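Peer 1: Below are the sequence and a predicted model; questions follow.
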Amino acid sequence: MNAPKKLVIASRKSRLAMWQAEHIQSRLQALYPDCAVSILGMTTRGDQILDRTLSKVGGKGLFVKELEQALLDGRADLAVHSIKDVPMDLPEGFLLAAVCERAGAFDALVSNRYARLEEMPAGAVVGTSSLRREAQLRARFPQLTVRPLRGNLQTRLAKLDNGEYDAVILAEAGLARLGLADRIRCVLSPADSLPAAGQGALGIEIAASRIELLEVLNPLNHSLTNACVTAERALARALGGSCQVPLAAYCTEENGLLTLRGLVGHPDGSVLLQASAQAPLAYADALGCAVAKQLADEGAHELIAAVLAEQPDA
């Protein structure tokens, strides 16, 4: 393989996105010392629209479209994403070249007053940007008041510190990556808050025409994380999963066997459908489809249709 002379990484400009891009930049520079690796920082539509929840303005694809355009027109060679922000079906002409080793996959409680959700009194206000988190919070802790929370990590923490919320739920991995792990009061177990598909993992996207980059980026691919994320995304894809629907998927591995748990719910917490199954590593995609079918047999498609019909902008 001829090592590239230059690589440009497209990234959102938020602090967390830039940390992720810089992390990949440093790994690539270590792999290819003679390669000049730079970062093209961009502002996406998802970063600009902060007064409405993602589910009402087009979903998480708003965080990647501008980066994909940079890949198409040659301004960038690769784009680094949080996998949970990547739509389940990539647009034609793009592919995920690598899935990096997953960091913490769970949700975390951040609060200046309470150490656990169980300690919070009736009416206490919890902020989250995710229908998935909201549905599980409302189901398990119906006494709490859940309110929308948008903005980057620093903005969300500032709203908490200003007293607008009693607690907020954020991704464990994002807090750790920005050196804010000390803000975490407790990490929520999958039983309390099953994660989003791909949560905690970074993905590297390229234009499908740049096949030569697959070999270049392969050392960054973590096969076990890739298998788990493949199962999670297959489940979400089979159910038409997007941030417009409370949907969770989390896969683990032990002794070559994958265990996948899936959940679909109503945002008000009135319904939570859950299913799980196991399969060997090589059948990650089929495992995702199998758990999706279990959920469908329990009424997931009807629930999803009902949730979408209730949304004003659906």
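Peer 2: Sure, I can see it.
Peer 1: got any ranges where the protein has weak pLDDT?
Peer 2: 44-63, 241-243, 312-314 (pLDDT under 70).
Peer 1: let's see it at 50
Peer 2: 46, 48-60, 314 (pLDDT under 50).
Peer 1: any idea which residue sits dead centre in it?
Peer 2: Geometric centre of the chain, nearest residue: Lys84, 1.9 Å, by Cα atoms, centre = their mean.
Peer 1: which ones are touching it?
Peer 2: Lys60, Ala171, Pro195, Ala196, Ala197, Gly198, Gln199, Gly200, Ala201 (Cβ atoms under 8 Å, 6 or more residues apart in numbering). To be clear about C-beta, it is placed using only N, CA and C from the backbone, and glycine gets the same treatment.
Peer 1: Using TSV, lay out these together with distance to Ala286.
Peer 2: Below are the contacts of Lys84 laid out as TSV (distance: Cβ to Cβ, whole Å):
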residue	distance to Ala286
Lys60	25
Ala171	28
Pro195	21
Ala196	21
Ala197	16
Gly198	18
Gln199	22
Gly200	23
Ala201	20
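Peer 1: Can I get the residues you listed in JSON lines including distance to Glu119, neighbour count and secondary structure?
Peer 2: Shown next, in JSON lines, are those (distance: Cβ to Cβ, whole Å; neighbours: other Cβ atoms under 10 Å; DSSP: H, G, I helix; E, B strand; the rest coil):
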{"residue": "Lys60", "distance to Glu119": "31", "neighbour count": "20", "secondary structure": "helix"}
{"residue": "Ala171", "distance to Glu119": "22", "neighbour count": "24", "secondary structure": "strand"}
{"residue": "Pro195", "distance to Glu119": "23", "neighbour count": "26", "secondary structure": "coil"}
{"residue": "Ala196", "distance to Glu119": "25", "neighbour count": "26", "secondary structure": "coil"}
{"residue": "Ala197", "distance to Glu119": "30", "neighbour count": "28", "secondary structure": "coil"}
{"residue": "Gly198", "distance to Glu119": "30", "neighbour count": "28", "secondary structure": "coil"}
{"residue": "Gln199", "distance to Glu119": "25", "neighbour count": "27", "secondary structure": "coil"}
{"residue": "Gly200", "distance to Glu119": "26", "neighbour count": "24", "secondary structure": "coil"}
{"residue": "Ala201", "distance to Glu119": "31", "neighbour count": "24", "secondary structure": "coil"}
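Peer 1: for the residues you listed, which one is nearest Arg15?
Peer 2: For the contacts of Lys84, the minimum distance to Arg15 (Cβ to Cβ) is 13.8 Å, reached by Ala171.
Peer 1: Report the separation between that closest one and Arg177.
Peer 2: Using Cβ to Cβ, to the nearest Å, Ala171 is found at 9 Å from Arg177.
Peer 1: Could you verify my assumption that Arg113 touches Val168?
Peer 2: No: contact criterion Cβ atoms under 8 Å: Arg113 and Val168 do not qualify, at 11.8 Å.
Peer 1: More neighbours: which of the two?
Peer 2: Neighbours per residue, other Cβ atoms under 10 Å: of Arg113 and Val168, the larger number sits with Val168, 24 against 13.
Peer 1: now the strand or helix carrying that one, how far from the centre of its chain.
Peer 2: Applying DSSP states H and E as the criterion places Val168 in strand 167-171. In terms of Cα atoms, centre = their mean, to the nearest Å, the centre of strand 167-171 is set 14 Å apart from its chain centre.
Peer 1: again, but for stretch 153-169
Peer 2: Distance, centroid of stretch 153-169 to centroid of chain: 20 Å (Cα atoms, centre = their mean).
Peer 1: Same check on stretch 146-154?
Peer 2: The answer for stretch 146-154 is 15 Å, by Cα atoms, centre = their mean.
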